[in-house]
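1. Below: sequence and its predicted model.
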Amino acid sequence: MYKKLALIGAIMGLSATAAGAQDKLKVGVIATLSGPPAVLGQQLRNGFQLAIKNLGGKLGGREVEVVVEDDELKPDVAVNKAKALVDRTKVDFVVGPIFSNMLIAIMKPVTDAGVILISPNAGTSNFAGKECNPNFFVTSYQNDQNHEVMGKYAQDAAIKKVFLMAPNYQAGKDAIAGFKRYFKGEIADEVYVPLGQLDYSAELTKIAAASPDGIFVFLPGGMGVNFVKQFRQAGLADKIKFLSAFTVDESTLPAQKEAALGFFGGANWAPNLDNPQNKKFVADYEKEYNAVPATYAFQAYDAALLIDGALKLTKGNTSDKDALRAALMKANFTSLRGPFKFNINHYPIQDFYQVKVAQRADGKFETQIDKKVFAGYSDPYAKDCPMK
Amino acid sequence: MTQTLAASSVLPSQQTGRVGALSAVIFLVLALVPFGAAFGPESYVLGLFTRVMVFAVAALALDFICGYGGLVSFGHAAFVGIGAYAVGILGAHGITETLVSLPAAMLTSAIFAYLTGTVCLRTKSVYFIMITLAFGQMAYFIAGSLALYGGDDGLTVRLRSTLLGFPILQNDRAFYYFVLFSLFVVYFVFRVIVYSRFGRVFRGARENPTRMATLGFDVFRFQRVGYVISGAVGGLSGFLLANATEFVSPAYMSWQRSGELIIMILLGGLGTLHGAIIGAAAYLLIEEALSGITEQWKLIFGPLLVLIVLFARGGLLGLADRIRGKLGRD
Amino acid sequence: MSTGLVVVQILNGLQFGVLLFLIAAGLTLVFGVMDFINLAHGVQYMLGAYLAVAFYTLTGNFLIALVLALAVALVFGLLLEFLVFRHLYDRDHLEQVIATFGIIIFLNQAVKTIWGAAPLTLPIPEFFSGSIALMPGLLYPVWRLVIIASGLAIGLLLYILVGHTRVGMLVRAGATNARMVSALGVDIHRLFMIVFGFGTMLAAFAGAMIAPILSVEPGMGDTVLILAFVVIVIGGIGSMRGAFLAALLIGLVDTLGRSFAIDILRLVMPPSPARTVGPAIASMLIYVLMALVLYFRPAGLFPARGR
């Protein structure tokens, strides 16, 4: 029992000291930092911290304190951590999370408290449409868009027959729906696998038997690593065009290596995107963390730039929420991806590319821009958003 | 083997007083938390301790069948999840009244417990652990396939349950006391059951099922009733969890969660009831405190569990007892 | 559904089953002989995979990496036995669960701290890479056949060891009545060490062999552990024969279920709900199977006598 009291005391002591340094800007980062998808969360955190470092430890001229929390990929833990950030740390912004289901879980506790939530990855359709939220901004994309890029590409390249595969959860179904929104050719089959499946022998056999011209998969993280390796091992890579989203990127390529060479993905950015700010970012990131950055890192970097730009407009003031939201909405920063502005639903309007896996001269693997598929593209859900 | 573990459940009469004092202290502290919280980050502290009490309710349910009935369930998170889904699904259809969703949550879990218990209770020891795991996993996969209710992503509970139509539970403090009240009722009811005639047969069935059968008791039926009660209380905890996080997810039913519940009751000391509350508090608060110190907190937490087993037999309470014993001798 | 497809899926099921057997064999021995629930068995599998990757990076030779990985895994396993497990043998099952769970938490995090959270990979040995045509148009990776073959070979080896040697006899006797074996003057602690070390090596071997196919990542042992428990419970705890048959059964049921559940459901319902329900049913199948087996045979298919 004394322990409990001591803990309460400790918590209170903590908050007391925090209150003394009120003029520091506080930003909470929530990401998945444990379990197999931890690498995505680390990219997010690293990207954000790199931006703070490059901005001299300040956002909009104010000193910043960043508090990082691990959602453990458990919704109730995420809610708990979000409440801790909002209420104990008294953050001005929350940046995160990686996964859509975590976003759905933390949306209410963060935005209800009047805190600005900036998602550097997850962008679900509900928050883009009817449930769009004035306190919620997205620096990534609407979840369907990368899949639509691939669908459009397959349609334009006149690939006749495509085999589709995704995990059996909402994002997986959205992925397939997004692909089919633009692809009108023949669908060989549509397969949903349990989330976290590791061995694809059964599915590969099916794919071989269906002999499609192309395959489109959405298998994030470790699932993608396994599938890509096994796809190559089964000898299918030379016969079937490999299209994907979130399956071959810089977070998985260190494990996929040669197995993913020449595979395609849909994305809003790639490390070799040609503009000065991006070149500096990629070089800095590789120097700092000894890894090639993926979209998670760049979108988190942009989230920091977004806050920085908005606070410059409000002169560091975060208490006038209306002014703060208006400033954020102006997207007063130079995005690493080049052209960037917010739609009425606070989701980006941006370009999308088809990217291709290549090996660089230094032996590392990365995705590279192959072709621009959409220019100034916005998501179809914005029309349902009541915000103006 | 299981006998030695839960031997502390049969309390000598002079200890009953101490138990009463201990549980009084527990509930007094829990009742005072909001007053302390008012001086600090109130909704965070309230949220944390609400979470502690919600898991304490689930842990009590498990301690009842595990510590007193000798039935180690490795699928108890399923009951919590089913209760939570009852709230989520009713809420999705606009029904938020506690007087509807609370009984619905408990009843659904109880029915699930009755059906699975009928099958599970045919097996013993490790086989019982594994068959409860099997049913837990089935519930988990079914929840994940409820496409209409969010599938694997889970669903948001838009509004906390109302009480007689009033949104009183929207207030964090009111909700805190509602959870505390539930915990107290559960604790009290289990205390009464454990010392009732039913409880004596239930405990007896653990220690010597043959003897109980010879005495003319239908052991299977007693165990099933116990299992159903435990399942219903698990459903209650699910009702509270859904309202506390305002979110429902299949993750609530994962086998890792069932494992965490087992660890909670072992931490506090098996078969003592108040041990379940202390265990839940210790587990969640240690986790919270350590994860605040370092991102690598699991490097500390893991060995801590090992050390507790190696050096603190009978859980934290057992450790406290022994320390007190030593001090008393000196 | 062509016959070729079914044949390949059966091979896939066998490969998965063999993998499960390698892990379950150690688990059922340790559980059966020592009455010790070792949840940390899954992390030994993970450790095998990580060590294989580490030694491959150093040596560039799969075989050398495999041997070194097994040796280090064995040493590490015995170290754990000496430091922790030894003190838990006479404890209650639940206390063993909590302590070994603590070890899982620690090692998953330790692996992440040492090697990073990103998944690692191991190339297939050159000699076994590529695939062979089982039937026209149906390719099958050679490495998977190697896994099946080595798993079956180890199964045979275990059959001979357990069934026809003195140590094996003691192990069987231990699984039936450990106290009696001890009373007969056998050094039970040495027997435990042998059994434990052997089980550890088998799990590490499984991890190293599967590393070229699956990504090597923290927590990779957790799901496999649960499946291995399903296997030994269906097979009957302590029974090597039971573990072998149950592993193949689970491997086949899971793989065939995943392959054909949707196709079968499509026969009775429209394709769209079939696609949603199918994977859920497929994931559940092995648990349904376990529940059914335990309902009709509450101590598994091949219960060791005397328990």
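-> Nice, thanks for sending it over. Residues are numbered from 1 along each chain as shown, chains lettered A, B, ... in the order given.

2. where does the chain dip in pLDDT?
-> No chain specified, so I'll use chain A. Scanning chain A with the threshold set as pLDDT under 70 gives A:1-22.

3. could you do chain B instead?
-> For chain B, the stretches flagged by pLDDT under 70 are B:1-16, B:313-315, B:326-330.

4. show me where it has helices.
-> With helices called from DSSP state H, chain B shows them at B:2-5, B:13-37, B:42-63, B:77-92, B:98-120, B:125-144, B:172-195, B:197-207, B:209-214, B:219-245, B:255-268, B:274-293, B:298-311, B:315-329.

5. Redo those helices as CSV? Include mean neighbour count.
-> (C-beta placed from N, C-alpha, C; glycine too.) Shown next, in CSV, are these (neighbours: other Cβ atoms under 10 Å in any protein chain shown):
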stretch, mean neighbour count
helix B:2-5, 16
helix B:13-37, 14
helix B:42-63, 26
helix B:77-92, 28
helix B:98-120, 21
helix B:125-144, 24
helix B:172-195, 18
helix B:197-207, 18
helix B:209-214, 13
helix B:219-245, 25
helix B:255-268, 24
helix B:274-293, 22
helix B:298-311, 19
helix B:315-329, 14
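
6. I'd assumed residue A:266 was in a strand, is it?
-> Yes. Applying DSSP: H, G, I helix; E, B strand; the rest coil, one finds residue A:266 inside a strand.

7. isn't it right next to residue A:150, touching?
-> Yes. Counting by Cβ atoms under 8 Å, residue A:150 is a contact partner of residue A:266 at 4.4 Å.

8. Now list whatever residues contact both of these two.
-> Here residue A:266 and residue A:150 have A:243, A:244, A:245, A:354 as joint contacts, going by Cβ atoms under 8 Å, 6 or more residues apart in numbering or on different chains.

9. quick one: the helix or strand where the first one lies near chain C?
-> Taking DSSP states H and E as the criterion, residue A:243 maps to strand A:241-244. No. No part of strand A:241-244 sits near chain C under the criterion Cβ under 8 Å from any Cβ of the partner chain; the closest distance found is 15.8 Å.

10. Which strands or helices does that strand pack on?
-> When contacts are defined as 3 or more Cβ pairs under 8 Å, 6 or more residues apart in numbering or on different chains; DSSP states H and E, strand A:241-244 packs onto helix A:145-156, strand A:214-217, helix A:222-233, strand A:264-267.

11. Can you check which of those gets nearest to chain B?
-> Nearest to chain B among the helices and strands packed on strand A:241-244 is helix A:222-233 (13.3 Å), distances taken as Cβ to the nearest Cβ.

12. sorry, back to before: among the shared contacts of residue A:266 and residue A:150, which one sits closest to residue B:282?
-> Among these, residue A:245 lies closest to residue B:282 (Cβ to Cβ), at 43.5 Å.

13. Okay, the closest one and chain C: tell me how far apart.
-> Distance, residue A:245 to chain C, using Cβ to the nearest Cβ, to the nearest Å: 18 Å.

14. Please report how far the residue lying closest to that residue once chain neighbours are set aside lies from chain C.
-> Take residue A:245 and drop its neighbours on the chain: the residue closest to it by Cβ to Cβ, 6 or more residues apart in numbering or on different chains is residue A:146, 4.0 Å away. Taking Cβ to the nearest Cβ as the measure, residue A:146 falls 21 Å from chain C.
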